[in-house]
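S.K.: sequence unknown, structure follows:
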């Protein structure tokens, strides 16, 4: 794999200031008119529930989010359009002309394993800068984290086979818009997929490409055998033949073996076959046996047809012999239990040094106020044990901590090795590091997945991970909440 | 609403030839090497199951798909990238340099109501042209049809209120990538939404924009009342105040009424309030009553918080008094029963005048071969009754037709008025009509939704719509299928 250099990358759509909700702009003007726009604000980005009822999430979409922040400007066309809405004053729009994002971003590096209620990314910037970027940050991080997590789950399921198993992303046709497809290809790779069928994603992100042929190829010839021969002629070293246009076992397998022999006589080897319908566990066993008996133990079996982690696990449990899982719809749209969207939010936690929170009618929707640090504790085996939110220094062994959603669930910290889990990834609107390439990001994800406690990778009802607040954070929350209620009673 | 003119529109991402699956390109090269690439082919695009277990779908994404076909070219960068893959011959890549799409497209106009197993769009073009475009066509039409259908379902639910009700799309932060968000804004409008919060979508598609303010606005001030006053100062005629930062009834409503009085004294009227948490049916009744008693019966109530058509229906059934539903996640990702993705497919139906089909292991995945026409029958009241696939002329009263998935389910056609439901929308790679604007498309959708039989709009277990094949189509399918099996036996 050769990741392309950033200068070869194509401009991403919507790296424009208007890719935002209208209310961000109306609030910006309001802050500006009130003279509050330059007050230093801190917003926390976090989510509240692990997707797919699983035990982890793979943090993805950070680098594109930083690209967005670095390039954020209002163009003349943007300002002309905003003027046409009759909502904005000319002097405010003039102030936007030289506007850019100059804030500080503290975040988990992309690819890390993350958990609910932990601030994954915090923006500290003048209020109007921090406010505008909410929509685009959430768009990039919510969706890519969701898809990377789904990909990791599929990879974990595929690796459950004693014969190994790879995941490639085939989702462009069912993805949610063109950029939905490209983002999905990128995020799938972060989560451990080994490639994509999407050629544009190959170019943009340097991803390995993968593909076979379609039913239309077979239908276009006089017979399936003729079609297979023609494909093998064209790609003597790369042919993967689709077996189910007529009948997988009675026609496809027989013809594929014929072509595999013919290729071998010419000094080539058939690369693989693809199954796209029927009982994949049964058919893959039969096809594997047929290929092995015919002398082709190295021909790979690729499967597609509405796969997800549950289908993969079930195929493997029944002795299926699939080498490569081509996953389309379920990966590109990240469907399934609690899938479809990651409910990440972006909440004001501090302004002018004062802690800020919202109460709302749903207690789980209250945020944790204040400028916090996230400490990740590992046990003696190096396995992840705790994420603890503090107001500064690392937590101490024996220190009392509590659950962010339920103060009654308290515990004392065991002896752990603590890491300040987030880094300042942007300062003054500029990255503090060169952008991570996708190979590095994927390696980071796979390494930290390997550091989870036993049972954390389980697809359903996994081992729960502990996220906690130190006492001073919990007290700050109680205190802030009381102050807000006091104000309310005073109204 | 003033739709912007096409020249003001921004270039859409991925209107490039590489937004396709790798296998389309490898098959193109194969057809080219075999000398088959110019054979005239017809592919049908259709889906097999109504989304959301509903009774209809709103056909959307056609105009962007036609934009894609018209602008499709391989750039020098594209060809350079393909060359780097070591899969393609230099002479083939040279042949792509002047390649464009010159085919004919026959389709339902965008916004029409559509049903499973009906070819919604057919491409007739030289085989290699028709093959390449599969991925991008499916991407545009699958996702936008899904979202437009979801929007229509939400609009139908909202209109179930005796007080009316509008739907606006608020989904950018949870959408599947930036273009997923923009496509969702566009498709939501096609399905009947009245606007979006996404400013970029407003510019690109000329959509009306909508927005309120966030919790952060309230948190940024010393008190909720101060925050409301500041927002009303900034937008005296457009202020929609978010009530739940502290407590919806005890704080938000009280402060909003205070500000509404202050605005009125200055000659303005509060535009609305927004609920974003808690029991929306209960809170909206209480807020409505509070506003009415205080003399503000025209202040609108906007609601958000993970809404979908089922939540809307339930709020209305319990007497909720919501005027505007702001729908985010569920609209932008089209979640829910059978949602997330529309399984549209694109299958070779004819090549060189010969009917083509695939059999596969799943009978429902077989296509209907041949060049077909789609006739839509309306009853004496003008209501939709039947879509019938024929090989040419309109079907006749009393003619025997059968279900495309079950030949045993046969019936005789009643007396209906038949319309040739699809039009040639592109010939020689050029549109035959000026592009429809979104106002026209939305009006077409709402008009045809009004022509469905009673019960067809029901959200669950709706009245089923009849899609049928004439006898000659069914016989062609049987005959083609037998020929393929005979070839298989002959192998």
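M.R.: Arrived safely, thanks for sending. Quantities reported herein were computed from a predicted structural model and do not represent experimental measurements.

S.K.: got the residues of the stretch 1-150 of chain A near chain B?
M.R.: Applying Cβ under 8 Å from any Cβ of the partner chain, we find that the stretch 1-150 of chain A lies next to chain B at A:12-14, A:16, A:18-27, A:29-31, A:33-34, A:36, A:39, A:41, A:43, A:77-78, A:81-82, A:85, A:87, A:127, A:131, A:134-136, A:138-140, A:142-143. Any C-beta I mention is one placed from the backbone N, CA and C, and that applies to glycine too.

S.K.: Please narrow the residues you listed to those residing in helices.
M.R.: Among the residues of the stretch 1-150 of chain A next to chain B, the ones falling in helices (DSSP state H) are A:22-27, A:29-31, A:33, A:77-78, A:81-82, A:127, A:131, A:134-136, A:138-140, A:142-143.

S.K.: Distance check, the nearest residue to residue A:96 once chain neighbours are set aside against chain B.
M.R.: By the measure of Cβ to Cβ, 6 or more residues apart in numbering or on different chains, the closest residue to residue A:96 outside its immediate chain neighbours is residue A:74, 4.6 Å from it. Here the criterion is Cβ to the nearest Cβ, to the nearest Å. By it, residue A:74 lies 11 Å from chain B.

S.K.: Residue A:74: how many residues sit nearby?
M.R.: 21 (other Cβ atoms under 10 Å in any protein chain shown).

S.K.: Next up, identify which helix or strand it is on.
M.R.: Assigned by DSSP states H and E, residue A:74 belongs to no helix or strand.

S.K.: for it, what are its contacts?
M.R.: A:17, A:18, A:82, A:96, A:97, A:99 (Cβ atoms under 8 Å, 6 or more residues apart in numbering or on different chains).

S.K.: And the helices in the stretch 201-350 of chain A, which stretches?
M.R.: A:215-219, A:224-234, A:254-265, A:280-293, A:309-317, A:329-332 (DSSP state H, counting those that start in this stretch).

S.K.: These into TSV, with extra columns for mean neighbour count and mean pLDDT?
M.R.: Shown next, in TSV, are these (neighbours: other Cβ atoms under 10 Å in any protein chain shown; pLDDT from 0 to 100):
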stretch	mean neighbour count	mean pLDDT
helix A:215-219	26	94
helix A:224-234	22	96
helix A:254-265	19	98
helix A:280-293	19	97
helix A:309-317	20	95
helix A:329-332	28	89
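
S.K.: which strands and helices sit next to the lowest-mean-pLDDT helix or strand in chain A?
M.R.: Ranked by mean pLDDT, DSSP states H and E, the helix or strand of chain A with the weakest confidence is helix A:471-490, at a mean of 81. Counting contacts by 3 or more Cβ pairs under 8 Å, 6 or more residues apart in numbering or on different chains; DSSP states H and E, helix A:471-490 is packed against strand A:384-390, strand A:400-402.

S.K.: Pick the most buried one from those.
M.R.: Among the helices and strands packed on helix A:471-490, strand A:384-390 has the highest mean neighbour count (mean count of other Cβ atoms under 10 Å in any protein chain shown), at a mean of 23.

S.K.: What helices and strands are in contact with it?
M.R.: strand A:373-378, strand A:466-470, helix A:471-490.

S.K.: Could you list the residues in contact with the least confident helix or strand of chain A?
M.R.: Contacts for helix A:471-490 (Cβ under 8 Å, 6+ apart): A:355-357, A:359, A:366, A:368-370, A:372, A:389-391, A:399-402, A:407, A:469, B:222-224, B:246-247, B:250-251.

S.K.: for stretch A:446-460, same thing?
M.R.: Against stretch A:446-460 from outside (Cβ under 8 Å, 6+ apart): A:52-56, A:58, A:111-113, A:152-153, A:156-157, A:192, A:309-310, A:313, A:337, A:378, A:382-385, A:462-463, A:465.

S.K.: so the closest residue in space to residue A:353 that isn't next to it in sequence bridges to which residues?
M.R.: Distance criterion Cβ to Cβ, 6+ apart; nearest residue to residue A:353, sequence neighbours excluded, is residue A:40 at 7.5 Å. Residue A:40 has the following beta-bridge partners by DSSP bridges: residue A:126.

S.K.: how close does residue A:40 sit to residue A:161?
M.R.: 52 Å (Cβ to Cβ, to the nearest Å).
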